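# got a structure for you, letters missing:
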């Protein structure tokens with residue numbers, strides 16, 4: 001079974017997905033075999049030269065949150081990372097989550113806007129897919 005969830009959509013400010021309604025602002029990944037994150041910057045602001053830093057947080061109970069440090073780029077030689085920085089008009093990057101190191105109920109996305117002094121603001125979006 002495959003499920004998709006949007007965390008942040010077209011926000012131009014620093015945000016945490018807890019401000020969304022439904023599912024408590026997080027994606028329930030209990031029992032997921034594979035989770036893939038997609039981070040985007042730019043959106044409709046095609047002149048954007050700013051950027052954003054994205055982090056994923058995980059929770060064993062939906063209340064206590066921890067920064068997740070095992071995101072792996074699609075390049076098999078990539079080193080695990082805890083944050084992703086995107087800059088420019090329209091860019092998207094995908095990362096798989098190494099879930100072998102814990103059991104989690106949910107995950108959420110945190111984006112930090114870095115427009116000043118880097119340039120024009122852009123929109124940030126986090127999405128995830130899970131295979132069960």
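Ah, there it is. Remember, predicted model here, so these are calculated numbers, not experimental data.

# Give me the buried positions along the helix or strand encompassing residue 36.
If you go by DSSP states H and E, residue 36 is part of strand 34-42. Neighbour counts over strand 34-42 (16 or more other CB atoms under 10 Å) mark 35-42 as buried. Using the backbone N, CA and C atoms, a C-beta is placed for each residue, glycine as well.

# elements contacting that strand?
Contacts defined by 3 or more CB pairs under 8 Å, 6 or more residues apart in numbering; DSSP states H and E place strand 34-42 against strand 51-59, strand 83-87, strand 91-97, strand 106-113, strand 123-131.

# Take these and write them to CSV, including distance to residue 31 and mean neighbour count.
Below are these laid out as CSV (distance: least, CB to CB, whole Å; neighbours: other CB atoms under 10 Å):
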stretch, distance to residue 31, mean neighbour count
strand 51-59, 14, 22
strand 83-87, 25, 18
strand 91-97, 14, 17
strand 106-113, 12, 23
strand 123-131, 9, 21
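
# Out of those, which gets nearest to residue 73?
strand 91-97 (5.8 Å; CB to CB).
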